[in-house]
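Participant: Need coordinates for the below:
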Amino acid sequence: MYVNPFCITLLVMTLCIPASVNSETRVTTDVDTRLLHSRQAVKMFADALIAELRYAMEEGGPERAIKVCHIEAPQIARDVSDTHKWQVGRTSLRYRNPDNAPDAWEETVLQQFEQRKAQGEDISKLEYAEDTAAGYRYMKAIPTKPLCLACHGENLGEEVQATLKEYYPNDNATGFKVGDIRGAFTILQPNK
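Facilitator: Residues are numbered from 1 along each chain as shown. Have a look, this model is predicted:
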């Protein structure tokens, strides 16, 4: 039986192309995939961290939350890093933990986030990704929310200040207001 090659090609194209294809349809590329995976990793990290912090605040207030940030946050970052085989963390221009100090690339992106915020961009949507010599890098801004102010705000209680001094003697991460950029999640997907 003879089968026309044109018909086979047409059939394959019909089955493989979505019905709503038009000139606006985007083809997913490696960059799009890496961006989507970076966003998923940040969500995984943020959700786990927020859950731990909320529980700590309910159980022991801001002092307990500071201890969670000191002990649990780095472990959560390691767990997400291990899951994805990437480097996942947090950084800030005004960091609390010296291990979270931004490298030159991160500092530049954080400064760009501040400029973009000043131009009216929504902090919750601030993100940046780029291929670098080290690999694919991604950052997502962390907005300061009311919950953050108990440990990062302007008017901290004496017990909170004492706990900060105990765990972070060189703390630079206070004085924030709701709507400030608290920092950013940062990801490096190393070159293979």
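Participant: from here on, contacts and neighbour counts on C-alpha atoms
Facilitator: OK.
Participant: Now the element after the longest helix along the chain, going C-ward?
Facilitator: When the chain is parsed with DSSP state H, its longest helix is helix 30-84. The helix or strand immediately downstream of helix 30-84 is strand 87-91, counting by DSSP states H and E.
Participant: export that following strand as CSV, just CAs?
Facilitator: Coordinates of each C-alpha in strand 87-91 appear next as CSV, following Å, rounded to 0.1, in the frame of the first residue of the first chain:
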residue,chain,number,x,y,z
GLN,A,87,23.6,26.9,44.4
VAL,A,88,20.5,28.4,46.0
GLY,A,89,20.5,31.1,48.6
ARG,A,90,19.5,34.6,49.7
THR,A,91,21.5,37.8,49.6
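Participant: Quick check: buried residues in stretch 150-166?
Facilitator: 150, 151, 152, 153, 156, 160, 161, 163, 164 (16 or more other CA atoms under 10 Å).
Participant: For residue 135, see how far away the residue nearest to residue 67 when sequence neighbours are not counted is.
Facilitator: Counting by CA to CA, 6 or more residues apart in numbering, residue 67 lies nearest to residue 167, which is 7.6 Å off, once chain neighbours are set aside. Counting by CA to CA, to the nearest Å, the separation of residue 167 from residue 135 is 33 Å.
Participant: Kindly report the same for residue 149.
Facilitator: Distance from residue 149 to residue 135, by CA to CA: 34 Å.
Participant: same thing with residue 148?
Facilitator: As defined by CA to CA, residue 148 lies at a distance of 31 Å from residue 135.
Participant: Could you do residue 108 as well?
Facilitator: In terms of CA to CA, residue 108 sits 17 Å off from residue 135.
Participant: try residue 158
Facilitator: 43 Å.
Participant: what about residue 113, how many residues close to it?
Facilitator: If you count neighbours by other CA atoms under 10 Å, residue 113 ends up with 23.
Participant: Buried residues, the helix or strand containing it. List them.
Facilitator: Using DSSP H and E, residue 113 falls within helix 104-118. The neighbour-count check on helix 104-118 (16+ other CA under 10 Å) flags 106, 109, 110, 113, 114, 117 as buried.
Participant: Check what pLDDT the last one gets.
Facilitator: To tie it back to what came earlier, the one meant is residue 117. Listed pLDDT for residue 117 reads 97.
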